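> Fold the following and give me the result.
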Amino acid sequence: QVQLVESGGGLVQAGGSLRLSCAASGRTFRGYAMAWFRQAPGKERDFVATISRSGSSILYADSVKGRFIISRDNAKNTVYLQMNSLKAEDTAVYYCAGGLVTGLQAAVYDYWGQGTQVTVSS
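Next up, the predicted model:
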């Protein structure tokens, strides 16, 4: 079992930056691929970024490529999402997820955090 707790969300102006963190419990964090998804009101949960267990393989959604950076620190059991040049359309609840393999579909991931709200004002 892995428990995930996100933090770092908040209100920011367009063009600003935020860094989300996701702290994982348990010793097996390094055994899981990690990902970030987001869900805006009335919309489906969308893939944002994923990182492999070692951090050597990273994928981004086209909508965030060049603006967001996913990283992980296995010693701290934490995955991060650095969000730069934020836009109003980035407003959503951001979820951290963990699974045995990387993938773009939410169904791939077995463990989920409770989410953290990111609001970008234009």
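> show me where pLDDT drops low in the chain?
27 (pLDDT under 70).
> For it, just list every one of the strands.
Taking DSSP state E as the criterion, the chain carries its strands at 4-7, 10-13, 18-24, 33-39, 45-51, 58-60, 68-73, 78-83, 92-99, 111-112, 116-121.
> Can you pull up the most central residue in the protein?
Trp36 (2.4 Å; Cα atoms, centre = their mean).
> what's across from that residue in the sheet?
Ala49, Cys96 (DSSP bridges).
> re the thing from before, please convert the strands of the chain to TSV, extending it with distance to Gln105.
Quick note: C-beta positions are derived from backbone N, CA and C, even for glycine. Listed next are the strands of the chain as TSV, based on distance: least, Cβ to Cβ, whole Å:
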stretch	distance to Gln105
strand 4-7	18
strand 10-13	28
strand 18-24	19
strand 33-39	10
strand 45-51	7
strand 58-60	12
strand 68-73	17
strand 78-83	18
strand 92-99	10
strand 111-112	13
strand 116-121	21
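> Now for the residue nearest to the centre of the chain: which residues touch it?
Trp36 makes contact with Leu20, Cys22, Val48, Ala49, Thr50, Ile70, Val79, Leu81, Tyr94, Tyr95, Cys96, Ala97, according to Cβ atoms under 8 Å, 6 or more residues apart in numbering.
> can you rerun that using 7 Å?
Each residue near Trp36 by Cβ atoms under 7 Å, 6 or more residues apart in numbering is listed here: Val48, Ala49, Ile70, Leu81, Tyr94, Tyr95, Cys96.
> Was I right to think Leu86 contacts Ala14?
Yes. Look at Leu86 against Ala14 with Cβ atoms under 7 Å: they come within range, at 6.2 Å.
> what touches both of the two?
Here Leu86 and Ala14 have Val120 as joint contacts, going by Cβ under 7 Å, 6+ apart.
> Which residue of these two possesses the greater neighbour count?
Leu86 (22 against 14; other Cβ atoms under 10 Å).
> how near is the residue lying closest to that one once chain neighbours are set aside to Ala107?
Computed as Cβ to Cβ, 6 or more residues apart in numbering, the closest residue to Leu86 that is not its neighbour in sequence is Val120, at 4.6 Å. According to Cβ to Cβ, to the nearest Å, Val120 stands 28 Å off from Ala107.
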